[in-house]
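Asker: everything below, folded, please.
(chains A, B, C and D)
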Number of protein chains: 2
Amino acid sequence: MGRELHRVQDGATSLPTLADVAAMAGVSRQTVSNALNNPSLLRADTLERVRAAIAHLGYTPNRAARNLRTKSSRLIGLRLTPFAEDTANATIDRFVHALVQATRAADYHVLLFDGNDPADPSSGYDDLVRSTAVDAFVVTDTFKGSPQAAYLEDGGVPFVAFGRPWTPAALHPWVDVDGAAGTSAATAHLLAQGHTRIAWIGWRKDSPIGEDRRAGWSRTMHGHGLPTTGLASRVEDCVASGVEAAGVLLDEARPTAFVCASDTLATGVLHQLHARGLRPGRDVAVTGFDDAPFAQLLPGGLTSVRQPVEEVAVQVVDRLGKLLTHREVFASGTLLEPTLVVRGSSER
Amino acid sequence: MGRELHRVQDGATSLPTLADVAAMAGVSRQTVSNALNNPSLLRADTLERVRAAIAHLGYTPNRAARNLRTKSSRLIGLRLTPFAEDTANATIDRFVHALVQATRAADYHVLLFDGNDPADPSSGYDDLVRSTAVDAFVVTDTFKGSPQAAYLEDGGVPFVAFGRPWTPAALHPWVDVDGAAGTSAATAHLLAQGHTRIAWIGWRKDSPIGEDRRAGWSRTMHGHGLPTTGLASRVEDCVASGVEAAGVLLDEARPTAFVCASDTLATGVLHQLHARGLRPGRDVAVTGFDDAPFAQLLPGGLTSVRQPVEEVAVQVVDRLGKLLTHREVFASGTLLEPTLVVRGSSER
DNA sequence: CGCTCGCACTAGAACGTTCCAACGGTACGT
DNA sequence: ACGTACCGTTGGAACGTTCTAGTGCGAGCG
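Answerer: As a prediction, the model looks like this:
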């Protein structure tokens, strides 16, 4: 009832408009508009009448018209890069799901666009915002020197970053996860298990995220009076690199545990252990980062640092809302704590 | 150059409109509109002049206004259910990435919305289409009796399904992957490896997708004159079920190989083998379905059937385009072939 | 009583685009 | 020479909403 489409004479279907509702309720269009957007302005009986008409006609406001008039689309843009097959990184996918959930509560929707051309950071962003297709962006790839962030800041485009601004002069809101705290928790966990020679396998030095995560390990080691010299390796983020780095470290430094900057690298370590007949957890402990789905699916399981992406998404949307309503650009950030999920790869 | 925003007197920024371009080029608004949408209507020199003005002003058409006038948004809606942690299923995520790529070429964008309330199939869909927020939908979850598909068909909402219509009377375009062909290939591969006692672990009988995949296995077994009695198990799609089913089958039917309806179930089998000290590939072969990222990350690797989601996305968008331009609703479908990715879990 | 104030509501304009009907001009056929 | 057709272009209307400036009316106050 009331959900039927309004039929016009030639059999084609068309949707009811504000004017239709207004006519039925015996009020002006503006009053109907107010009933939807500022109900408190109406007298109780009028509101009731308008609402009855809306329900009876099955009226839904036309987004295009509303967008045109208000110059906003209630759409948040997110650039999605092609699926990375060879890494275990599912964080972006978890984040997409979480963002969809979080935006719903704020009556926003997520618009995905293509990030195929990393050479041109403005590609995609520019057209979308200039055509009023989206109100703002969520930027997730601030790590690679973040050309997007700088570009968007220059253009005055509203956005919130998932990831800290690693350039000093950046002035935008951001939400991030404390990677150092995560690796620190992993290291402390291994220390509690009795390990003292704990190695690090991370990314190359030009990755600020990698250096952050590394800092958690080294800080905690030093905090316990343990040396880190010769126990660290910095490689590409792929399984093969993890295998190789683990091999070198096992031969030269004889660690009894590995803290890794990613699940992908941790997977490489597990492969190396497998090849040498060493048992994960019992002989050598391993921890990863990101808690990819397969971390819990591996036989025994992989201990990993889990990012609270749901909370990140909620915070991002919250900041986005403030940014878009108050029009204040305040460059504050929030740092969230990850949690360590302990599984078989780090317990005897 | 030409990418600056047009500044108005009070310092606020506003974007150039068709009228601005028309004034600069010395033509009417309609001519500028034609220059963008029907360039062939213009004389060469006029077109040149208009294009120069567009470039100089950095003009981008306003989507909201265009959407309002044309009653279309060039947005495709996709309902995204919450992230499933405990299964290995990354197919939906791969598909999202692929769809973003595919829609780009057709100048569409993907709008994600929430699928939190499975009880009400119309939840979300209805508002989006009635408010002209999206032109059409891609429906991915046709498997559970697909209430969405029926609802959308009744409402005359354009959509294309990723997945066959399992109800006989369905009349909508669809694209799907031939699951039976995939399990058939897996079974044939195991037969070629010398296995004859090949077990099946699949889903409960009420899943048409599961029955389809199962048919590929049984068809191929029978085609080689091999019995299937006692070699099949139907369980929930989770790791624990896979472990249990593999245990029961190993005890009672003594298979030397397992074909599974999902990577999740295959993972369960691997766990069972691990617990019994049996080596995947050498002692007992295992194949999965969906080629989740961890299939290639596992030590040795998991042989799996890979769905060509990129091709699915392209086909879906193609059909969507036809549906939206020609307005013809022809209920034809396309069945694509999956490929078997052979890894260590099925080779000695 | 007259004035102001606030309440509930209204009429018209505006947002920026595309659709529609029509324009003047040239080329063609009869 | 005249009607017809087409080409390139134009001005005005329309899409459905919200913004702006107001209207009528009753209450409060000197």
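
Asker: show me where the stretch 1-150 of chain A has helices.
Answerer: Here the stretch 1-150 of chain A has its helices, by DSSP state H, counting those that start in this stretch, at A:18-25, A:29-37, A:44-57, A:63-70, A:91-105, A:125-130, A:147-155.

Asker: and the third one, does that touch chain B?
Answerer: No: judged by Cβ under 8 Å from any Cβ of the partner chain, helix A:44-57 makes no contact with chain B; its nearest approach is 11.1 Å. (C-beta placed from N, C-alpha, C; glycine too.)

Asker: send over that helix as CSV, restricted to the C-alpha atoms.
Answerer: Coordinates of each C-alpha in helix A:44-57 appear next as CSV, following Å, rounded to 0.1, in the frame of the first residue of the first chain:
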residue,chain,number,x,y,z
ALA,A,44,1.4,19.3,14.5
ASP,A,45,-1.8,18.8,12.5
THR,A,46,-0.3,20.1,9.3
LEU,A,47,2.7,17.8,9.7
GLU,A,48,0.4,14.9,10.2
ARG,A,49,-1.5,15.7,7.1
VAL,A,50,1.6,16.1,5.0
ARG,A,51,3.0,12.9,6.3
ALA,A,52,-0.1,11.0,5.4
ALA,A,53,0.0,12.4,1.9
ILE,A,54,3.7,11.3,1.5
ALA,A,55,2.9,7.8,2.8
HIS,A,56,-0.1,7.6,0.6
LEU,A,57,1.7,8.6,-2.6
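
Asker: and the helices of the stretch 1-150 of chain A, which is most packed in?
Answerer: Using mean count of other Cβ atoms under 10 Å in any protein chain shown, the stretch among the helices of the stretch 1-150 of chain A with the largest mean neighbour count is helix A:91-105, at a mean of 22.

Asker: quick one: is that helix near chain B?
Answerer: Yes: Helix A:91-105 comes into contact with chain B (Cβ under 8 Å from any Cβ), by way of A:Asp93, A:Arg94, A:Val96, A:His97, A:Ala98, A:Val100, A:Gln101, A:Arg104.

Asker: show me where pLDDT drops low in chain A?
Answerer: Under the criterion of pLDDT under 70, the regions of chain A flagged as low confidence span A:1-13, A:85-89, A:116-123, A:142-147, A:169, A:327-331.

Asker: what ranges do the strands span in it?
Answerer: Under the criterion DSSP state E, chain A contains strands at A:6-7, A:13-14, A:75-80, A:109-114, A:136-139, A:159-162, A:174-177, A:198-203, A:232-235, A:257-260, A:285-289, A:303-306, A:333-336, A:339-341.

Asker: now those as JSON lines including mean neighbour count and distance to DNA strand C?
Answerer: Rendered in JSON lines, the data for the strands of chain A read as follows (neighbours: other Cβ atoms under 10 Å in any protein chain shown; distance: least, Cβ to the nearest atom of the strand, whole Å):
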{"stretch": "strand A:6-7", "mean neighbour count": "12", "distance to DNA strand C": "19"}
{"stretch": "strand A:13-14", "mean neighbour count": "12", "distance to DNA strand C": "14"}
{"stretch": "strand A:75-80", "mean neighbour count": "23", "distance to DNA strand C": "17"}
{"stretch": "strand A:109-114", "mean neighbour count": "23", "distance to DNA strand C": "19"}
{"stretch": "strand A:136-139", "mean neighbour count": "24", "distance to DNA strand C": "18"}
{"stretch": "strand A:159-162", "mean neighbour count": "24", "distance to DNA strand C": "22"}
{"stretch": "strand A:174-177", "mean neighbour count": "23", "distance to DNA strand C": "31"}
{"stretch": "strand A:198-203", "mean neighbour count": "25", "distance to DNA strand C": "44"}
{"stretch": "strand A:232-235", "mean neighbour count": "20", "distance to DNA strand C": "50"}
{"stretch": "strand A:257-260", "mean neighbour count": "33", "distance to DNA strand C": "51"}
{"stretch": "strand A:285-289", "mean neighbour count": "30", "distance to DNA strand C": "46"}
{"stretch": "strand A:303-306", "mean neighbour count": "26", "distance to DNA strand C": "45"}
{"stretch": "strand A:333-336", "mean neighbour count": "15", "distance to DNA strand C": "33"}
{"stretch": "strand A:339-341", "mean neighbour count": "17", "distance to DNA strand C": "47"}
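
Asker: next, format those strands as a markdown table and append distance to B:Arg343.
Answerer: As requested, those are exported to a markdown table (distance: least, Cβ to Cβ, whole Å):
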| stretch | distance to B:Arg343 |
| --- | --- |
| strand A:6-7 | 57 |
| strand A:13-14 | 52 |
| strand A:75-80 | 28 |
| strand A:109-114 | 30 |
| strand A:136-139 | 36 |
| strand A:159-162 | 33 |
| strand A:174-177 | 33 |
| strand A:198-203 | 24 |
| strand A:232-235 | 24 |
| strand A:257-260 | 23 |
| strand A:285-289 | 21 |
| strand A:303-306 | 23 |
| strand A:333-336 | 37 |
| strand A:339-341 | 26 |
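
Asker: picking up where we left off before, can you list the helices of the stretch 1-150 of chain A in CSV and add distance to DNA strand C?
Answerer: Below are the helices of the stretch 1-150 of chain A laid out as CSV (distance: least, Cβ to the nearest atom of the strand, whole Å):
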stretch, distance to DNA strand C
helix A:18-25, 7
helix A:29-37, 3
helix A:44-57, 3
helix A:63-70, 4
helix A:91-105, 25
helix A:125-130, 10
helix A:147-155, 18
